[in-house]
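*Asks:* Sharing a sequence plus its predicted fold:
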Amino acid sequence: MAETHVLFVEDDDVIREATQLALERDGFKVTAVPDGIVGLEAFRARKPDIALLDVMVPGLDGVSLCRRIRDESTVPVIMLSARADSIDVVLGLEAGADDYVTKPFDAAVLVARIRAVLRRFGHASGGAGTQAAAEGDGSLRFGDLEIDTDGMEVRRGGEPVSLTPTEMRLLLEFSAAPGSVLSRDRLLTSVWDYDWGGDTRVVDVHVQRLRTKIGQDRIETVRGFGYKLKA
């Protein structure tokens, strides 16, 4: 099996070198670079399987780099932020990141997050959505929204909708139980593969991103409980 290739963009020499060693000990191939401009060049040249981007790096900051990557690819992105309550976390998620890890972090926690992201990217069609598709012909319809669960394609009004694998998993989770309220904690477990408590902002930002693509009124907020897909 080929090594998973990680692009790691971090300007702190000590953190970059220590994290690179820790990831390599866990079997990852790592390209580690100190700034965003070099990071973008490395992304385009080496086509990594996943990108770890520190928010505050010179040249091209992590949020801007995430946007550039997302313009070109659906490769998974994890942001690294120095403060859990920083607005940078939300900005990174809005830019297209799939998850974030707060610094300072334990290497084992980072590896667990990487593996969780890779699992859901490798199994974007898994979970409850596949069960729903098995009952029909692999196509689900909600108004002008059509979800092809076999081909992993979404159309709105007949036009294709581009979703990241995380957004696709989120939509599949909603479409498996239309009209049912799904809590943020449930979505963290089923979509983000968290077996531990996670930050529900990850869910909120991804729901908002999904709404902009499939229709703002398609997913309803049920205050105090979670979200539901309108049947």
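*Replies:* Done, it's in.
*Asks:* Domain-wise, how is this structure divided?
*Replies:* 5-122, 128-229 (automatic domain parsing).
*Asks:* In the protein, where's the longest helix?
*Replies:* Counting by DSSP state H, the longest helix found in the chain is helix 107-122.
*Asks:* average pLDDT across that one?
*Replies:* Averaged over helix 107-122, pLDDT sits at 87.
*Asks:* Now do the residue lying closest to Thr200 once chain neighbours are set aside against Phe225, distance only.
*Replies:* Nearest residue to Thr200 in three dimensions, chain neighbours excluded: Arg184, at 4.1 Å (Cβ to Cβ, 6 or more residues apart in numbering). No exception for glycine: its C-beta is placed from N, CA and C like everyone else's. Using Cβ to Cβ, to the nearest Å, we find Arg184 at a distance of 9 Å from Phe225.
*Asks:* again, but for Ser175
*Replies:* From Ser175 over to Phe225 the distance is 19 Å, taken as Cβ to Cβ.
*Asks:* Pick out whichever of those two has more residues nearby.
*Replies:* Of the pair Ser175 and Phe225, Ser175 is the one with more neighbours under other Cβ atoms under 10 Å, namely 21 against 11.
*Asks:* and the more buried one, what pLDDT?
*Replies:* 94.
*Asks:* Likewise for Gly215?
*Replies:* Confidence at Gly215, expressed as pLDDT, is 93.
*Asks:* Also Gly129?
*Replies:* For Gly129, pLDDT reads 38.
*Asks:* Next: the one 3 residues further on.
*Replies:* We note a pLDDT of 37 for Ala132 in this prediction.
*Asks:* what's the answer for the one 4 residues further on, then?
*Replies:* Reading off the per-residue confidence, Gly136 sits at a pLDDT of 49.
*Asks:* Centroid-nearest residue for this structure?
*Replies:* With distances taken as Cα atoms, centre = their mean, the residue of the chain nearest its centroid is Asp98 (2.1 Å).
*Asks:* all strands of this structure, in order?
*Replies:* 5-9, 29-33, 50-54, 77-81, 99-102, 139-142, 145-148, 153-156, 159-161, 219-222, 226-229 (DSSP state E).
*Asks:* So which elements touch the second one?
*Replies:* Spelled out, that is strand 29-33. Judged by 3 or more Cβ pairs under 8 Å, 6 or more residues apart in numbering; DSSP states H and E, the packing partners of strand 29-33 are strand 5-9, helix 13-25, helix 36-46.
*Asks:* what's the most buried one of these?
*Replies:* Each of the helices and strands packed on strand 29-33 was assessed for mean neighbour count using mean count of other Cβ atoms under 10 Å. The highest is strand 5-9, with a mean of 23.
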